[in-house]
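**Q** With the sequence up front, the predicted model follows.
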Amino acid sequence: MSKLKALTHRKLFLPIVSMILVMLINVIYDTATGSAPFSFFYITVKNGVLYGRLIDVLNRGSEIAILAIGMTIVVSASAGTDISVGSVMALYSAVCCVTLAGFGVTNTSTYARPLIVGILLGILVCVLCGAINGFFVAYLNIQPMVATLILWSAGRAIGLLLCNSQYVYIRVPSFRVIGGYIGFLPTPILVVAICITVMTLFLKFTALGTYVQSVGINKKAARIAGFNSARIIFLAYVICGLCAGLAGMVATSRIYSADTNNIGLNMELDAILSVALGGNSLAGGKFSLAGSLIGAYTIQAITTTMYALGVDPAQAPVFKAVVVLIIVVIQAQPVKDFFAARAARKAVKEAA
Amino acid sequence: MEDNVILTMRGICMTFPGVKALDHVDFTLRKGEIMALMGENGAGKSTLIKCLTGVNKYEAGEIHLEGIKGAIVNKDTLDAQKKGISTVYQEVNLCPNLSVAENLFIGREPMTKFHTVDRRAMNKRAEELMKSLNLPVDVRRKLEDYSIALQEMVAIARAVDMDSKVLILDEPTSSLDDQEVEKLFTMMRALKKKGVGIIFVTHFLEQVYEVCDSITVLRNGRLVGSYPVAELPRVRLVAAMLGKDFDDLAAIKTDSTEDKSKAPVYLEAKGLSHTGTIKPFDLTIHKGEVIGLTGLLGSGRSEMARVIYGADRASTGSISINGKPSKIKAPIDSMMLGMGMLPDDRKVEGIIGDLSVRENICLAIQAKAGIFKKIPMQKQIEIADKYIKLLEIKTASRETLVKQLSGGNQQKVILARWLATNCDFLILDEPTRGIDIGTKTEIQKLVIQLAKEGKSLIFISSEIEEMLRTCNRMVVLRDGAKVGEIEGRDMNQMSVMDAIAGGAEK
C-alpha cells in the first residue's frame, strides 16, 4: 500500500498514466473489433523498414517532441510560452528549400548549393528568430505571448514571401534522408534521440538546469544571488528557436518540399500542451524534460489512434479535445485534492 | 473640545495567525486636525487603517463617527466611503488613460435623461472643484499627462468631493519631490480649514513637523501615545517609535567599538548614488570593520547597501575595492569582487522557494563558477551538510524545499549561501527581522566572528541596541541621504537617536 502511495506521488505518475490511458483506448478498440488486442504495440519489418503503430507514434511525434524540449526551457525560465515555433518551422522550410533550389525555382532535382549549407542557413535563421524573441522578452520585458506573437505572425509570412507563395520541391534522394529512413530505422526518431541526449547531457554536466529553474522561480532572488536573469531568459528563447529549426528540418525533409502554408501549423499549441501534459507548471520554475516528452508522444498517440480508429480527419480534433480534456482534468489540482481527501476519509473509516 | 471629535476608535484588537497585530489601540481625530500616524514597519499602522476602512475585520473594539449614532462597522472600503471615510494610497489608483474629470466622477457620473454620461455637467463640476482647491488642471486632459503629485491631488480631490469627514493619506509623499510635497501640504491645509480630519501616514519626520498638529505613535501593535506636535520633540518621537524594550542580548558586548580606522581600506565609494532612492554619498570601509547603517525605514539605509552591491545600478559615482577602481553593473560583478548581500526581503529577493536547501546554499558559488562549471553533486552535498551543521539549520533533509522551512532557518540558508562563497565583504540587511531571539544572538555572534577573521560587513537593523553591540562605526541616513557618521565611543542609544532624528532641535 505504501509502495503504491509512493508511486502515485511520483511527479511523472500522472503523465505516464495519461499515456497508458491513450494506449488502452487502442487495446479496447482492437479487442472490440476482433483484431489482436495488443496490435498497437506490434512492430514488424515491412519493405525493409520498421512498421507499426508504436513506431508511427515515435516517428510522427518527432517534431512535437523536439519542440517540447525547447518549450520546456522557455516555460521554465520565463513563465511564458513561445507561440512562434510553428511559424518559425515554416520559415526554416522556406529558407532551406529556397537556398537549395535557388531563388524563384519551384521544382529541382539538383542542389543549387550543398545540402549542408541549406540546413545550416535554415537553422541559423531559426536561432536568430529565437534571439529576437529572447531580446523582446528578456531585455524589453515584453510579455512572452505578445513578444512571440510578432514572429508567429511574421515568420510564416516571410517564408511565403521567399517562396513566392509556392511549393518548392527538392526532389533529391539525399534531401529526404532526415525525414525518411536510415537502414530500417526512421531517421526522425534518431534526430529526437540525439536532441534528447544532448539536452540531457547539457543538464547533467552544466548548471543550465539550476540557472533556468532559479530564474523561473524567483527572478529577483536569482539576480541577487549572481545570475544574469535576463541573459538566461534570452538563452532559453535561443534554445527554443534552435529546437524549432530542428523540428522544421525534420518536417521539411519528410515532405521534401517547402509547404510554407502548412508546415508547423498550430504545432506551437501541441508543444505547449506537451509541456502541460508532462506535469510542468506553465507558471515557470521546476521542470521535467521527461514529462514534456511523455506529453509530446501522448499527443501524437492520440492523433495516431484517431487515424487507426478511422475517425474522419475533419472530426478528429473533437475526439482529441475530449481525450485532452480527460487527461487535463485528472491532473488538475482540485481533482487531485478531491481524491486525496477521499483516500484520507477512507483511511480514517478503516482505522475506526 | 469633545464636540470637535470626528472619529474615535476604542480598544481595537486584531490578530493575524501567530501575531497580535493590534492590541487595544485607541485613536481620536478632531475636526480640522492633521494627525500623523507613526511607527516602524510592523507597528500596526496599516492594520489600523485597514480596520477603519473595512478591509480588515477587527475582533474587539468600537469605532464611532461624528453624526452617526452607535458604533459603525464598515463592510468594505466603499461602505466606509459612503460614511465619509476616504483613503488615498501611496500609488495613485485611478485610471491614467481617462481624463481628469472622468477620474473625479468614476462610478458617480452625472447622467442625462437618456442615461448617458452628461459630459458637459461633469466637466463643469470638475472645473469648479479644481478651482476651489486651486489646482491648475485642465479637466479634459488625460490624467497621465500630469505629474504624480497632481495625480495624487486629483485622487485627494475626488475623496474631498465625496463629502469626506475623514481623509486618510497613506504615504502620499514617498514618490514626490520637495516642490510637489509643498503643493500637497497647501492642499492639506486648505482641507483642514474646511474641517476635514486628516490621518497622515509617512516615514519622513520633517514633514510631520511641518504640517501636522498631533502625532499618534504605534509600536508592535500597541498604542505608545498621542501627543500634540509641540510636546513631542524629534528625539522623543524616534525613541517612542523604536522603543526601549531591548532584548536580552547584552551578553555579547564585545570589543566591537574598537577603532578599525587604522586597518587597511577595503572599499571606498565616492559620490555613489541611485536616482530616486539615495543621494550621492561617500563611504570608506576598512578590513575587519562592521559598519552599521541606521535611520528610519525609507531613510535610504537599504538603498545605500543595494547601490554598493549593484542590486541597484549606480547612477553616479565610483567604487574602488582594495585600492583598485571597480565597475559594478550587476550583483555578479560585486560577487566576483568578493561581496555578498543578504537582502531585507528574504521571500522576494532571498530564497528560491521551490529549490532545495542544498541548491539554495550552493547557488552563489554556482553563479560565481559560471554555467559551464557545475559544482559536482558530491561537493554540493558536502557544502550543504557543512553549513546545515555549522549554522544549525533545522531542516528535515538537505533536499527539503527551502520554502518549507521557518523564516529564521530560511535566513540561515541565505547566510550559508554567502558564507560558502568565502566572501570578503558581506552586507546583511535586516538579518534578524522576524526571527526568534536565539537565532538573533547566533547571527550577531557570527557577525563579530566574521569581522575577527578580517572580513568587512555592513549591518542594517531597526534595532539600535543590536547595532551598538556589533558595529564599529555607524552611518546615519535620513530622507535618502547620508547625514553623518558616529564612531567608537560616541556610539550610544542617545547619540544615535539624536542623529536619526536630525539634531536635538525641538
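**A** Yep, it's here.

**Q** Touching, A:T187 and A:I178? I think so.
**A** Yes - with contacts counted by CB atoms under 8 Å, A:T187 reaches A:I178, the gap being 5.4 Å. For every residue, glycine as well, the C-beta is placed using N, CA and C.

**Q** Give me the common contacts of these two.
**A** Common neighbours of A:T187 and A:I178, using CB atoms under 8 Å, 6 or more residues apart in numbering or on different chains, are A:V250, A:S253.

**Q** Now do B:Q151 against chain A, distance only.
**A** Using CB to the nearest CB, to the nearest Å, B:Q151 is found at 23 Å from chain A.

**Q** If you could redo that for B:L267, that was the one I meant.
**A** 18 Å.

**Q** So that residue, which state does it fall into?
**A** The three-state label for B:L267, taken from DSSP: H, G, I helix; E, B strand; the rest coil, comes out as strand.

**Q** for chain A, what are the nearby residues on chain B?
**A** By CB under 8 Å from any CB of the partner chain, the residues of chain B that approach chain A are B:311, B:330-332, B:335, B:341, B:343, B:348-355, B:359, B:363-364, B:366-375, B:417.

**Q** Show the buried residues in these.
**A** B:311, B:330-332, B:335, B:341, B:343, B:349-355, B:359, B:363-364, B:366-368, B:371, B:374-375, B:417 (16 or more other CB atoms under 10 Å in any protein chain shown).

**Q** so where's the chain shaky on pLDDT?
**A** All of this is about chain A. Along chain A, segments meeting pLDDT under 70 span A:1-9, A:352.

**Q** my bad, chain B
**A** Applying pLDDT under 70 to chain B picks out residues B:1-3, B:17-19, B:41-42, B:90-92, B:174-177, B:244-260, B:434-438, B:503-506.

**Q** How about it: which residue is closest to chain A?
**A** Here the residue of chain B nearest chain A is B:A367; by CB to the nearest CB that distance is 3.1 Å.

**Q** any idea which element the closest residue to that residue other than its chain neighbours lies in?
**A** Among residues not flanking B:A367 along the chain, A:G226 sits closest, at 3.1 Å (CB to CB, 6 or more residues apart in numbering or on different chains). If you go by DSSP states H and E, A:G226 is not part of any helix or strand.

**Q** tell me the contacts of B:Q366?
**A** B:Q366 sits in contact with A:A207, A:T210, B:K374, B:I375, where contact means CB under 8 Å, 6+ apart.

**Q** Next, report how far stretch A:12-32 is displaced from the centre of its chain.
**A** Averaging C-alpha positions (CA atoms, centre = their mean, to the nearest Å) puts stretch A:12-32 20 Å from its chain's average.

**Q** Next one: B:I383 from A:K336, what distance?
**A** Separation of B:I383 from A:K336 (CB to CB, to the nearest Å): 35 Å.

**Q** Comparing the two, which residue is more hemmed in?
**A** Comparing B:I383 with A:K336 by neighbour count (other CB atoms under 10 Å in any protein chain shown), the higher total belongs to B:I383, at 20 against 13.

**Q** just the strands in the stretch 251-400 of chain B please.
**A** B:265-274, B:278-286, B:290-294, B:316-321, B:324-326, B:339-342 (DSSP state E, counting those that start in this stretch).

**Q** How about the residue in the stretch 1-150 of chain A that chain B sits nearest to: what's its closest non-neighbour residue?
**A** Chain B sits closest to A:S76 of the stretch 1-150 of chain A, with a gap of 10.8 Å, by CB to the nearest CB. Nearest residue to A:S76, sequence neighbours excluded (CB to CB, 6+ apart): A:F287, at 4.0 Å.

**Q** ok, back up a step: most widely separated two among the contacts of B:Q366?
**A** Farthest pair in those (CB to CB) is A:T210 and B:I375. Separation: 9.0 Å.

**Q** you'd agree A:L50 is in a strand?
**A** Yes - assigned with three-state DSSP, A:L50 falls within a strand.

**Q** got the contact list for it?
**A** So A:L50 contacts A:I43, A:T44, A:F184, A:L185, A:P186 (CB under 8 Å, 6+ apart).

**Q** circling back to that earlier point, report the contact partners of the residue nearest to B:A367.
**A** Residues near A:G226 by CB under 8 Å, 6+ apart: B:P331, B:I332, B:M335, B:L363, B:A364, B:A367, B:K368.

**Q** so the last one makes contact with B:T421?
**A** To tie it back to what came earlier, the one meant is B:K368. Yes - the pair B:K368 / B:T421 is scored as a contact, 6.2 Å apart, by CB under 8 Å.

**Q** shared neighbours of the two, which are they?
**A** By CB under 8 Å, 6+ apart, B:K368 and B:T421 have these common neighbours: B:M335.

**Q** follow-up on the earlier one: so how far is B:N422 from the residue nearest to B:A367?
**A** Distance from A:G226 to B:N422, counting by CB to CB: 14 Å.

**Q** Appreciated, that's everything.
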